[in-house]
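A.B. asks: Kindly generate the corresponding structure for this input.
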Amino acid sequence: MSMLTSSRIVTFALLGLAATLWGTHIRALEGAGRSVAADKTPMRAYQTPRAALQAGLEDFRLGNPSSALAALEYAASGGEALAQWKLAKIYATGDGVPRDDVKAYDYFSQIVSGYDEDNPNQRDLPLVASAFVSVGVYRLNGIAGSDVRADAARARQMFQIAATNFGDANAQYNLARMLLDGAGVQKDTRRGLQWLDLAAKKGHIQAEALLGKILLTGVDGIPAQKPLALMWLTLAREAASDSKKDQAIVDLYEKAMTNANDEDRQAALVYLEDHLKRQY
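C.D. replies: Sure thing, here's the model as predicted:
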């Protein structure tokens, strides 16, 4: 079977790829967060925070952002994690509002601080994992012009919790990068590659690409494994879109394939077929 045929196999197989995200649980506090100024839209009366959440989501669906924000803020103040997460994403991306990373950080932090490891709400676990990762990213880089300072130790703690206890692929990738780069932590290449491998096996495209790149040449005494590298780069290439952010992955794949010999390509195909069998 040619690598081109293999590529088609991966394309169809990846359509069904699903990541297993969480396991056991742990509490971590990141501050209660700041309150968000109330929307100027007159507040409707809601019987419960859950009712406000449902109304806010419906208003967004109908294209009424002002009333949606007001309802979500009410729901968030009542402890509805989905409302807190939705508001955090809105402010983090500037979706219909001016982008405000501090507000986004505050809402993500509310989810982190409100998580009860002894009595977790199973429905909210994906949101909790996402919030831990987001708080970790903000603490890794800090927010310019605010009191949210870069804190690598806190960032690693957030990533470690989400990576270990929720099995979150984004957390595993971020933790791997910290260990591989020695970013605010002691460099540990072997441990970093272990986390990278876990994220890659969940279909995390950046983890697949980085793992493939590292295995092409080897690093810090870890020998090159070209066929395995080609397998990971093939998976990353097939998951990549045509957007500019993925162009580096496409270029890396094409260069690696061009420079590979037939023996490495055939061995990569064997790895690829075995990987797909184990995944599906």
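A.B. asks: show me where pLDDT drops low in the stretch 1-150 of the chain?
C.D. replies: In the predicted model, the stretch 1-150 of the chain carries pLDDT under 70 at residues 1-44.
A.B. asks: What ranges does it have for its helices?
C.D. replies: Read by DSSP state H, counting those that start in this stretch, the stretch 1-150 of the chain holds these helices, from start to end of the chain: 3-14, 49-62, 65-77, 81-93, 101-114, 125-141.
A.B. asks: Out of those helices, the one nearest Y253 is which?
C.D. replies: When these are compared for distance to Y253 using CB to CB, the nearest one is helix 3-14, at 9.7 Å. (Glycine included, C-beta is placed from N, CA and C.)
A.B. asks: Which residue lies nearest the spatial centre of this protein?
C.D. replies: Averaging the C-alpha coordinates of the chain gives a centre point, and the residue nearest to it by CA atoms, centre = their mean is N170 (3.2 Å).
A.B. asks: how about the helices of the stretch 1-150 of the chain, which one is nearest G221?
C.D. replies: Proximity of those to G221 was assessed by CB to CB; the nearest stretch is helix 125-141, lying at 26.9 Å.
A.B. asks: ok, residues contacting that closest one?
C.D. replies: Judged by CB atoms under 8 Å, 6 or more residues apart in numbering, the contacts made with helix 125-141 from elsewhere in the structure are 21-22, 28, 30, 81-82, 84-85, 88, 92, 101, 104-105, 108-109, 111-112, 115, 120, 148, 150-152, 154-159, 161-162, 166, 168, 170-171, 174, 178, 183-184.
A.B. asks: re the thing from before, Validate this expectation: the residue nearest to the centre of the chain resides in a helix.
C.D. replies: Yes - membership of N170 in a helix is supported by DSSP: H, G, I helix; E, B strand; the rest coil.
A.B. asks: Dump the helices of the stretch 1-150 of the chain into JSON lines; add distance to Y271 and mean neighbour count as well.
C.D. replies: What follows is the helices of the stretch 1-150 of the chain, written out as JSON lines (distance: least, CB to CB, whole Å; neighbours: other CB atoms under 10 Å):
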{"stretch": "helix 3-14", "distance to Y271": "10", "mean neighbour count": "14"}
{"stretch": "helix 49-62", "distance to Y271": "43", "mean neighbour count": "18"}
{"stretch": "helix 65-77", "distance to Y271": "46", "mean neighbour count": "23"}
{"stretch": "helix 81-93", "distance to Y271": "37", "mean neighbour count": "22"}
{"stretch": "helix 101-114", "distance to Y271": "38", "mean neighbour count": "23"}
{"stretch": "helix 125-141", "distance to Y271": "29", "mean neighbour count": "23"}
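A.B. asks: Can you pull out the low-pLDDT segments for the stretch 151-280 of the chain?
C.D. replies: Low-confidence regions of the stretch 151-280 of the chain, defined here as pLDDT under 70, do not occur.
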